[in-house]
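> Next comes the sequence, and after it the predicted model I'd like to discuss.
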Amino acid sequence: MRSRLSLISILLILFYSTGKTQVPDPALIGYWHNWNDASAPYIQLDQVDARYNIINLSFAIPQFGTDYKMEFIPDQVSQSVLISQIQNLQTSNKKVLISIGGAASPVSLDNAAERDTFISSMNSIINTYGFDGIDIDLEGGSLSITGGTIASPVDSPIINMIFAIKKIMQDYYSLHSKRLILTFAPETAFVQGGISSFGGIWGAYLPLLDALRDSLEILHVQLYNSGSMTGIDGLNYSQGTADFIVAMTEDVIHGFQTSGGYFTGLPAYKIAIGLPACNSAAGGGFTDTATVQAAVNYLRGVNSTPPGSYILSQSGGYPDLRGMMTWSINWDAVNTCQNSYQYAGNYITLFGSVNTISNQSNENFDFNFYPNPSADYIFFKTEKLIETNTDIEILNSIGSLVSTISITDNFQRINISDLPAGIYFIKFLNSYKRLIKL
């Protein structure tokens, strides 16, 4: 009898494979306050609700008198206690990231000296606390465009930040032999705002997203504190509505034209929806549970009927949308806005799980394929040349082998039109990635 891998077996392989970075998929991402707020009280880090599988600690901020030399000081517990709590979360398969910046602490790397200080101070924070990754939450005057294009920025703070993030990731890999997780949490003006204008803060994140798209794990734009923004249909949509969630999400997946060039969209599996946990958590943009459900189910193709006037450009939506993010875990925990942990509960209703682990292959021999989802062909690509014939295997959702394809080049088109619609896994050199067949 031919042996069969169960889906659980596949996931265990993904988790225990050496030299890999395992990142939750789907993901429930929450920001955790490193301070006490009477309205959203401090939570001991290792007591965070278990449904959150990526926890962003808020925030690493510049030392007083600088906007580039970073520090992170636990506010309510000792450093050793917080390190122990981080380790406890990691033991439970949670990923713990340090978020950089925040609304009140601009970061600006104006020259090489400031850039290098930023790099060394962030490396120290990451390695002292054992963080799994970094979240880029640069707001205010941190980034601003005065010229150039998405592909060729001219502003030093943007150029230096791109360099710094790459160097921090390189340093981490050299030290730990695994990839540092990278996420972004821009405000809408810095991303979708580039459709209507490319200058100042408008579109200022786009050069970073473009330069770092291969390293980026998840983009979760803050769909709050926003005002109205433009969709790829040229119409404006207001925060707090299903149309806003759907239109802003498709903007970053589909891509859009700006006066600074075309921003090529990101795969849906790199996109999460960022919303406030309750009314009091943000100045605007809170969206009730039913509206969020309608928007997400339409985006993922669960429901074909639009929840508003915006019509997706891709029929069937984006089934591999990565998940949801919220500001914040602390606000979700209180019951003064709604039921305690209602945001986390709504995520489970929509995505059904927090336990699946998504494998990112060995940095020395990574592979990708696109488009995903796809109905007919995928284009398989590896980062290094294949010197001998190598097989890839396609497994169905219960782990049965359905196809074997010989790969003779590091870029190859694969016909999947004969596969029934559903969830599959592409196996290459003992690494697995999920494929959605339409």
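On my side now, so go ahead.

> Give me the average confidence score over the longest helix along the chain.
When the chain is parsed with DSSP state H, its longest helix is helix 156-176. When pLDDT is averaged over helix 156-176, the result is 97.

> Which strands or helices does that helix pack on?
helix 112-129, strand 133-138, helix 206-211 (3 or more Cβ pairs under 8 Å, 6 or more residues apart in numbering; DSSP states H and E). To be clear about C-beta, it is placed using only N, CA and C from the backbone, and glycine gets the same treatment.

> so how far is the last one off the chain centroid?
Right, helix 206-211. With Cα atoms, centre = their mean, to the nearest Å as the basis, helix 206-211 stands 14 Å off its chain's centre.

> Quick one: the helices and strands packed on helix 156-176 as TSV, columns for mean pLDDT, distance to residue 197 and mean neighbour count too.
Conversion of the helices and strands packed on helix 156-176 to TSV gives the following (pLDDT from 0 to 100; distance: least, Cβ to Cβ, whole Å; neighbours: other Cβ atoms under 10 Å):
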stretch	mean pLDDT	distance to residue 197	mean neighbour count
helix 112-129	98	27	18
strand 133-138	98	19	25
helix 206-211	98	12	24
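
> Of all the ones you listed, which one is nearest residue 259?
Each of the helices and strands packed on helix 156-176 was scored for nearness to residue 259 using Cβ to Cβ, and the closest is helix 206-211 (11.3 Å).

> who does that closest one touch, helix- and strand-wise?
For helix 206-211, the elements it packs on are helix 156-176, strand 261-264, judged by 3+ Cβ pairs under 8 Å, 6+ apart.

> Now the very next helix or strand once past that helix: average pLDDT?
Using DSSP states H and E, the helix or strand that follows helix 206-211 in sequence is strand 218-219. When the per-residue pLDDT values of strand 218-219 are averaged, the result is 98.

> Return the distance of strand 218-219 from the chain's centre.
2 Å.

> Now the element after it, going C-ward?
Per DSSP H and E, the helix or strand that comes after strand 218-219 is strand 229-230.

> The helix or strand just after that following strand - what's its average pLDDT?
As assigned by DSSP H and E, the chain's next helix or strand after strand 229-230 is strand 236-237. Taken as a whole, strand 236-237 carries a mean pLDDT of 98.

> where does the stretch 201-350 of the chain have low pLDDT?
For the stretch 201-350 of the chain, applying pLDDT under 70 flags no range at all.

> mind listing the helices for it?
Along the stretch 201-350 of the chain, the segments classed as helices by DSSP state H, counting those that start in this stretch run 206-211, 242-254, 289-299, 329-333, 342-351.

> Packing partners of the longest one?
Here helix 242-254 touches strand 229-230, strand 236-237, strand 272-276, helix 289-299, going by 3+ Cβ pairs under 8 Å, 6+ apart.

> what angle sits between that helix and helix 289-299?
30 degrees (axes from the mean of the first three to the mean of the last three Cα atoms, to 10 degrees).

> pull the CA atoms of helix 242-254 into PDB?
In PDB, the C-alpha atoms belonging to helix 242-254 read as follows (Å, rounded to 0.1, in the frame of the first residue of the first chain):
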ATOM      1  CA  ALA A 242     -17.300  46.900   3.900                       C
ATOM      2  CA  ASP A 243     -16.500  48.700   0.700                       C
ATOM      3  CA  PHE A 244     -13.400  50.400   2.300                       C
ATOM      4  CA  ILE A 245     -12.100  47.000   3.500                       C
ATOM      5  CA  VAL A 246     -12.600  45.300   0.200                       C
ATOM      6  CA  ALA A 247     -11.400  48.200  -2.000                       C
ATOM      7  CA  MET A 248      -8.300  49.000   0.100                       C
ATOM      8  CA  THR A 249      -7.300  45.300   0.200                       C
ATOM      9  CA  GLU A 250      -7.700  44.800  -3.500                       C
ATOM     10  CA  ASP A 251      -5.600  47.900  -4.100                       C
ATOM     11  CA  VAL A 252      -2.500  46.300  -2.600                       C
ATOM     12  CA  ILE A 253      -3.100  42.900  -4.200                       C
ATOM     13  CA  HIS A 254      -4.000  44.100  -7.700                       C
END
